[in-house]
Structures are given as C-alpha cells and as structure tokens.
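Engineer: No letters, just coordinates:
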C-alpha cells in the first residue's frame, strides 16, 4: 500500500510538473516567436512606408535588422524596379515568380517558405510595392530556442522526478508510520484479547461437562467473569483511545478551573496510596485555568496518579505539583520514588500497549493509559514527557493557560 501511495504521489506530482513545464516553455517559445515576427513586420511596414529610399544605396536604415529587398510592380503585374543591397536582383524569372506568388495571395502579409522570405504588399491605384525580408535567421533562432526548451524541459523533468521520489518518501512517512502503528496496535490488541478468550472458552468447555463438581463449576464461572471484565476494561480503554484521536473532541472545549480539578482528582487516590503504604503530597497553585474538556483533563490526572501508585517502590512517596510556567503556560507534574526509567524506555513508554513491566499485564494494566494521556494532552495543544532524576520518576504535562 505504501509503495502504491508513493507511486501515486510521484505520478500526480510529475503530472503537475509536466503541465507547468510545457506551459512555461511553450509560452516562452510563443512570445519569442511573436516578438521576432512583430519586429520583422514592423521593419517591413517602415520600409514600405518610404517609397523613396532616402538612405545611401546599400546602407540600411536605423530600423533595419534583417536582409530585405523591394519590388515595384506596375498595374498589369510587370516588374518596374527592384531595390536592395542584400540580394542579387538580376534573376528576372525569380523576381517574377515572387511577384506572382505575392500577388496571388489575398493577404497583404505572408511567407514564401521555399525561399525563406516574408513579404509585405502595399497596394496603390497604379502600382504595387512589395517588401521581402529574409526570415532564415528568425527560423534558426526559433529552432535553437526549440532545442534549448526541449533540453531544459528534459533535464528539468528528470530533476523534478528525482526530487519527487525523495519527497514521496518524506510525504508518506507519516502515513507509513501510522500504518505500522495500526498494524502493531491490531496485533497487540489481538494478543491482549487472545488470552482471556482462551480462558473463557476453556472454562466454558469445562462447564459443559456434566461430571464437573460444584466447586470446579464455581471456579470456572469466576474465571469467566474475571476474564470478561478484563476484556471489557481493555475494550473501554481502546474506545477511549479512539476518542482521543478524534478531532471532534476539540469542539467541546470550554474554560476549566484546572487547580480545582487537580485537587478534586487527588482526593480519591489518597486512601489508595495509604492502603499501599505510600505517601501522597499535593502542591496546587490556585487560580490556574485552561480551555479544554474537563472529563478528559481529569482522566489525565487519574492516569498519572494510577501510574505512580503502581510503579512507586514500597514505602515510597508520590507528589502532585501544579504551577504556572512563564506567561501563558502551566505545568502539572506527578512524581514517585521508584526505579529510574531508562532513556530508551522514556521514548517508548507512551506507545500503545507498551509496558515497562510485562508482569503487570494481568492486573488491569494494558499499556494504554499513557497513550490515552498523550492523546488528550495533544488535543489540548500541550505536551507530555517523562524524566528521571534524584531517585524519582516524573511525568509532566504542559498546557496553555490564559
């Protein structure tokens, strides 16, 4: 799929580039051709407007840029005179043929391709004046320009093709990353669901056995119920993760008193920390407000506190700190005393289904909590990160605040 996407990207990009190159080079060729033709015609009109050559014979006027000659034709088509220092005008048959060709055309302006001449005819009551100008240099110029345009167009095409191939790798990288993450997510979710499903099926088969004793039956039912609840918890977290990826959640944002929200979210965890022999300290600066969705922000605080109580060492302490940072930003930090998180794990800890301690896979921890928190924080235009220092693991969330 990624290769097809890259191919389509290059194909569309090169289609646009080809159209632009053809248009630009075509316009350059057209306007150059029109300019050369216009200069030639203007010169011929100027010559034709002067029936008597005032310049010295054989010397061009100031506006003459091309070789030319003029023919004076009588009322019956007979050649009366020929003038021009650029050509040998002694061949009467040739001149008569040119006169006949120019006279036969209904247009006053035309081209005799055989001799590479452009003519301009001025009709008078008793005569005609014909001006012939050489266009061989004009055609040579246009031929050279055509070759140059084709060369530039070809080189530009292949240069843009090479750039497009490189850009295609960069452009589809987010899609490729999302595709890989989706595949890993599906594989991990399938793995997490496989074990409880196996347990449920096994116990269901045992329940179907008529000789199963009552105590075994109750144990099997208890296992089925526990695994069902575990699967429900996983599915609920997956749905919650999907909601954090939805851009529609931003439409529900409204002013939230973050100080009050954090203080209220800490209260239910105090007894939980106490039961586990842990201490919990909260330092919340008053008057901090943000714009967001209150339920989601509360969920972030709960995820960080739940993470702290799971991974804090026995008898350790945890702390919740909310404070302002400069103008327009605030930082929520949840820290606990525990084994330091290695630097490589700090980069992976927010990945979906990642668990630093795989042994916690059966206690309701699916490795989705921090991913959910990260998604919520990004929706609120903030950032979340983890660090370890002074024997404590610290998870921090920075949010914009008025």
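Structural biologist: Structure's in. What do you need? Nothing here was measured: the structure is a model prediction, and the numbers come from that model.
Engineer: Look at residue 87 and give its secondary structure.
Structural biologist: Under the three-state scheme (DSSP: H, G, I helix; E, B strand; the rest coil), residue 87 adopts coil.
Engineer: List the contacts of it.
Structural biologist: 67, 69 (CB atoms under 8 Å, 6 or more residues apart in numbering). C-beta coordinates here come from the backbone N, C-alpha and C atoms, glycine included.
Engineer: now with 10 Å?
Structural biologist: 67, 68, 69, 94, 95, 117, 132, 134 (CB atoms under 10 Å, 6 or more residues apart in numbering).
Engineer: Repeat that for residue 272.
Structural biologist: By CB under 10 Å, 6+ apart, the neighbours of residue 272 are 278, 280, 305, 306, 309.
Engineer: and if you look at residue 262?
Structural biologist: With contacts defined as CB under 10 Å, 6+ apart, the neighbours of residue 262 are 282, 284-285, 288, 297-298, 300-301, 305, 320-322, 332, 334.
Engineer: Secondary structure element holding it?
Structural biologist: Secondary structure here is read from DSSP states H and E; on that basis residue 262 sits in helix 258-275.
Engineer: This protein: strands as residue ranges?
Structural biologist: Counting by DSSP state E, the chain has strands at residues 68-73, 79-83, 109-112, 117-123, 128-134, 254-257, 279-284, 289-292, 317-324, 329-337, 383-389, 392-400.
Engineer: For the contacts of residue 262, which entry has the maximal number of neighbours?
Structural biologist: For the contacts of residue 262, neighbours were counted by other CB atoms under 10 Å; the highest total belongs to residue 300, with 29 neighbours.
Engineer: Pull the number of nearby residues for the nearest residue to that one once chain neighbours are set aside.
Structural biologist: Nearest non-adjacent residue to residue 300, counting by CB to CB, 6 or more residues apart in numbering: residue 373, 4.8 Å away. Close neighbours of residue 373, defined as other CB under 10 Å, add up to 23.
Engineer: ditto for residue 105
Structural biologist: In terms of burial, residue 105 registers 13 neighbours under the definition other CB under 10 Å.
Engineer: pLDDT weak spots in the stretch 1-150 of the chain?
Structural biologist: Filtered on pLDDT under 70, the stretch 1-150 of the chain yields the residue ranges 51-65, 85.
Engineer: which helix in this structure runs the most residues?
Structural biologist: For the chain, the longest helix by residue count, based on DSSP state H, is helix 136-208.
Engineer: other SSEs contacting it?
Structural biologist: Contacting helix 136-208 under the criterion 3 or more CB pairs under 10 Å, 6 or more residues apart in numbering; DSSP states H and E are the following elements: helix 2-48, helix 214-244.
Engineer: how is the protein carved up into domains?
Structural biologist: Domain assignment for the chain, taken from automatic domain parsing, gives 2-141, 249-400.
Engineer: so what's the spatially most central residue of the chain closest to, chain neighbours aside?
Structural biologist: Centroid check for the chain by CA atoms, centre = their mean gives residue 171 as the closest residue, at 5.7 Å. For residue 171, ignoring the flanking residues on the chain, the nearest one in space by CB to CB, 6+ apart is residue 9 at 5.7 Å.
Engineer: show me what contacts the one you found?
Structural biologist: With contact set as CB under 10 Å, 6+ apart, residue 9 has these partners: 164, 165, 167, 168, 169, 171, 172, 175.
Engineer: Quick one: the residues you listed as TSV, columns for distance to residue 34 and pLDDT too.
Structural biologist: Compiled in TSV, the contacts of residue 9 are given as follows (distance: CB to CB, whole Å; pLDDT from 0 to 100):
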residue	distance to residue 34	pLDDT
164	33	89
165	37	89
167	36	87
168	39	84
169	43	83
171	40	79
172	43	78
175	46	74
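Engineer: filter those residues to the buried ones?
Structural biologist: Of the members of the contacts of residue 9, the ones counted as buried by neighbours, 16 or more other CB atoms under 10 Å, are 164, 168, 171, 172.
Engineer: Kindly provide the distance from the third one to residue 312.
Structural biologist: Relative to residue 312, residue 171 is positioned 44 Å away (criterion: CB to CB, to the nearest Å).
Engineer: Kindly report the same for the first one.
Structural biologist: Residue 164 sits 53 Å away from residue 312, going by CB to CB.
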